[in-house]
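In: Quick one, structure for this:
(2 chains)
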Amino acid sequence: MEAIREVDPEGSISLVAEEAFPSYSRPMISERLSLEADHAKIAYRQGDYWKAQRVDAYLGRRAVKLDFEARAAELDDGSRLGFERLLLATGGRSIVPRMEGVEKRGFFTFTRLSDAEVLSEAVEAARSVVVVGGGLIGVGVAEALVKRGLQVTIVELKERLLSLLLDAEASRIMEDAIRAAGVLIITGRSAQRVLGREGDEATVGGVALDNGAQFSCDLVVVAIGVMPRTELVAGTPVKTRRGILVDRYMETSVPGVYAAGDVAEAFDFIQGDDRVLALWPVAHLQGRIAGYNMASYRREYPGGTAMSALSYFAVPVISVGLTQPEKPEGYEFLVRRGPGPRDYGKLVLRDGRIVGLILVGAIERAGLYFALMKERVDVSGLKERLLSDEFGLASFPEALRGKLMG
Amino acid sequence: MKRIYPLEERCMGCGLCEVYCTQEHSQTKDLVKAFRREYPRPFSRVRVERDRPVSFAVQCRQCEDAPCVLACLSGAMYVDEWTGLVSHDAARCIGCWTCIMVCAYGAVRINPQTGKAVAKCDLCPELKVPACVANCPNEALTLQEATA
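Out: Here you go, the predicted structure:
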């Protein structure tokens, strides 16, 4: 929307959003849950933003049908909105595992602000919680609930936490920090049933794992990922795979129809293919690119890649790109340990170029490696020094230095 | 909009820019007091990059389409409407470190005083010429209109 307005201050823009809140920072719903952020702080833009941008905002309303022939969207109240260009930014929906008892009171997912608000209220009367899923969201929820004073158990299907972002060594550093905060971590197990309470089957009383073990708890939060919400384009000419397929201009297979964010399947410059990356900075960039192109200012999406910066349980972590190739052949791994017990660094190289990065603890130079990744710089000659204290911008090849420093 | 440019061939790597930056961002603005008596201890927003014989000072480059602003999760990193500077609102910052991840210059750092928010060059709003530029003994830092 901001990108459209940069190019086109005049054209009419309508926004239809199912959530009735003003625009907010989705990653910050953990801060809402921990009570570190209120509504004012979680607001992504200040004031009466949509009005200031001259956007007709239909908040709390849902588009139910798209008519690409007539170029119109039908809303849940039966009204129709015409369009010349359309952006699909419908995001993702929490994946709910197939297990018994998910309808019980005290069972939650965690994707929207409203999820955080109802969970936050339930926390008031709770003492213990089982978090199903030990990825980015699960660990974030766990931290927030520790801050709220709950006894937290994390159940993760894989052998270790944050397994998509981190290698075994980095996972271990995080797990140690999480355990030190009093969290019980159970890995290699799945939750199979949500149990009821004694005398109150409709309310959560515990969780049963696949090995038969049972844990009593007052709340269950499931955070095992999100699925792109493609239902609006099901059965339409808009092509989908996991998400909605887009080209480098964020345009879908239907001309004039764009997609961006957690619903889009777009170019990954490290993996070299298209994939869904449900990450805020990626979504933001895609949205801007889509906006420019919708306003007929042609700009190409440079591509994104998996990129996460975390600060859970007081351990700074940055993970970018391909951190754990399926087969190690053809890859080189540079590792640095220390100076502190929680400092760890790893670079993954392919054909002399950095394709993956993990930093734990000392993270302040992460952007330099990210720049080398994006620029696809051959770092073969720098390998010995890449992770040393001495390595910095002054070590960059002269041409890149010149380009960066202007 | 102005930007600080380092002159690589002039930089001796002495680190005085870091010293004066630290002083300017201290409470007392007195070097000795700042280093010895202030708590939390003040810190520098500029860093001398050294890989002999190359050295130059780096602070926020005031990027156009600044990646830190675009990637910021909370909206704490923003372009100030009046000054045009890439600015940071510590009260809104949640310390997620996404800006650190995307800054090619390593110019955003974890605020060592709080550990909960980031800090960066602010071009010394109280001075006509930023402290690092004014005090560089070999004129290796210049303040100029941004060229790109």
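In: Let me know the secondary structure of the spatially most central residue of chain B.
Out: What sits nearest the mean C-alpha location of chain B, by Cα atoms, centre = their mean, is B:C121, with 2.4 Å. Following DSSP: H, G, I helix; E, B strand; the rest coil, B:C121 is assigned to coil.
In: I'd say it and B:C60 touch.
Out: Yes - if you go by Cβ atoms under 8 Å, B:C121 and B:C60 touch, sitting 4.0 Å apart. C-beta: built from backbone N, CA, C; applies to glycine.
In: Overlap in contacts, the two.
Out: B:45, B:107 (Cβ atoms under 8 Å, 6 or more residues apart in numbering or on different chains).
In: pretty sure B:L31 is in contact with B:H25, am I right?
Out: No - assessed by Cβ under 8 Å, B:L31 is found out of contact with B:H25, at 11.9 Å.
In: higher neighbour count, the two?
Out: Legend: neighbour count by other Cβ atoms under 10 Å in any protein chain shown for B:L31 and B:H25, higher for B:H25 (19 against 14).
In: how close does the more buried one get to B:A91?
Out: B:H25 sits 18 Å away from B:A91, taking Cβ to Cβ, to the nearest Å as the criterion.
In: Could you do A:G235 as well?
Out: Separation of A:G235 from B:A91 (Cβ to Cβ): 47 Å.
In: and if you look at A:S79?
Out: 40 Å.
In: From A:I29, how far out is A:I318?
Out: A:I318 is 21 Å from A:I29, by Cβ to Cβ.
In: now the helices for the stretch 151-300 of chain A?
Out: A:168-180, A:280-294 (DSSP state H, counting those that start in this stretch).
In: Point out the most buried one among those.
Out: helix A:280-294 (a mean of 24; mean count of other Cβ atoms under 10 Å in any protein chain shown).
In: and that one, is it in reach of chain B?
Out: Yes - judged by Cβ under 8 Å from any Cβ of the partner chain, helix A:280-294 and chain B are in contact via A:280-281, A:284-285, A:288.
In: which residues sit against that helix?
Out: Taking Cβ under 8 Å, 6+ apart as the rule, helix A:280-294 contacts A:1-4, A:6-7, A:25-27, A:85, A:87, A:89, A:249-251, A:258-262, A:264, A:266, A:298-301, A:304-305, A:307, B:70-71, B:73, B:98, B:102.
In: Separate out the buried members of those.
Out: A:1, A:3-4, A:25-27, A:85, A:87, A:89, A:250-251, A:258-262, A:264, A:266, A:299, A:301, A:304-305, A:307, B:70-71, B:73, B:98, B:102 (16 or more other Cβ atoms under 10 Å in any protein chain shown).
In: quick one: which of the residues you listed sit in strands?
Out: A:87, A:258-259, A:264, A:266, A:307 (DSSP state E).
In: So which of those reach chain B?
Out: Counting by Cβ under 8 Å from any Cβ, the members of these near chain B are A:M307.
In: Skipping its backbone neighbours, what lies nearest the residue of the stretch 101-250 of chain A found nearest chain B in space?
Out: Nearest residue of the stretch 101-250 of chain A to chain B (Cβ to the nearest Cβ) works out as A:G140 at 10.0 Å. Once flanking residues are discounted, A:G140 sits nearest to A:S30: 4.2 Å by Cβ to Cβ, 6 or more residues apart in numbering or on different chains.
In: CA atoms only for the helix or strand that contains that neighbour, dumped as CSV, please.
Out: Assigned by DSSP states H and E, A:S30 falls within helix A:29-33. This file holds the C-alpha atoms of helix A:29-33, laid out as CSV (Å, rounded to 0.1, in the frame of the first residue of the first chain):
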residue,chain,number,x,y,z
ILE,A,29,1.8,-11.1,19.3
SER,A,30,4.3,-12.9,21.6
GLU,A,31,5.0,-9.6,23.2
ARG,A,32,1.3,-9.0,23.5
LEU,A,33,1.0,-12.4,25.3
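In: Packing partners of it?
Out: Helix A:29-33 sits against helix A:39-42, helix A:113-123, helix A:136-147, with contacts defined as 3 or more Cβ pairs under 8 Å, 6 or more residues apart in numbering or on different chains; DSSP states H and E.
In: So what touches that helix?
Out: In contact with helix A:29-33 (Cβ under 8 Å, 6+ apart) are residues A:37-38, A:41-42, A:110-113, A:115-117, A:119-120, A:123, A:137, A:140-141, A:143-145, A:148, B:94.
In: Narrow those to those that are buried.
Out: A:37, A:41-42, A:110-113, A:115-116, A:119-120, A:123, A:137, A:140-141, A:143-145, A:148, B:94.
In: Please pull out the lowest mean pLDDT helix or strand from chain B.
Out: Lowest by mean pLDDT, DSSP states H and E among the helices and strands of chain B is helix B:31-36, with a mean of 88.
In: got a list of what the residue positioned nearest the centre of chain A touches?
Out: The centroid of chain A falls nearest to A:L279 when counting by Cα atoms, centre = their mean (3.3 Å). Residues near A:L279 by Cβ under 8 Å, 6+ apart: A:304, A:306-308.
In: Distance of it relative to A:I95?
Out: Distance from A:L279 to A:I95, counting by Cβ to Cβ: 16 Å.
In: what's the residue nearest to the centre of chain B in contact with, if anything?
Out: B:C121 neighbours (Cβ under 8 Å, 6+ apart): B:4, B:21, B:45-46, B:59-60, B:107, B:130.
In: Farthest-apart pair in those residues, please.
Out: Within the contacts of B:C121, B:A107 and B:P130 form the most distant pair, 13.6 Å apart (Cβ to Cβ).
In: Need the distance between the two termini of stretch A:160-175.
Out: 8 Å (Cα to Cα, to the nearest Å).
In: A:D262 and A:G92 touch, don't they?
Out: Yes - here A:D262 reaches A:G92: they are 4.1 Å apart, a contact under Cβ under 8 Å.
In: got any residues that touch both of these two?
Out: A:226, A:228, A:278.
In: Give me the neighbour count for the second one.
Out: In other words, A:P228. By the criterion of other Cβ under 10 Å, A:P228 has 23 neighbours.
In: Let's see the pLDDT reported for it.
Out: According to the prediction, A:P228 has pLDDT 98.
In: now do the last one
Out: Model confidence at A:A278, expressed as pLDDT, equals 95.
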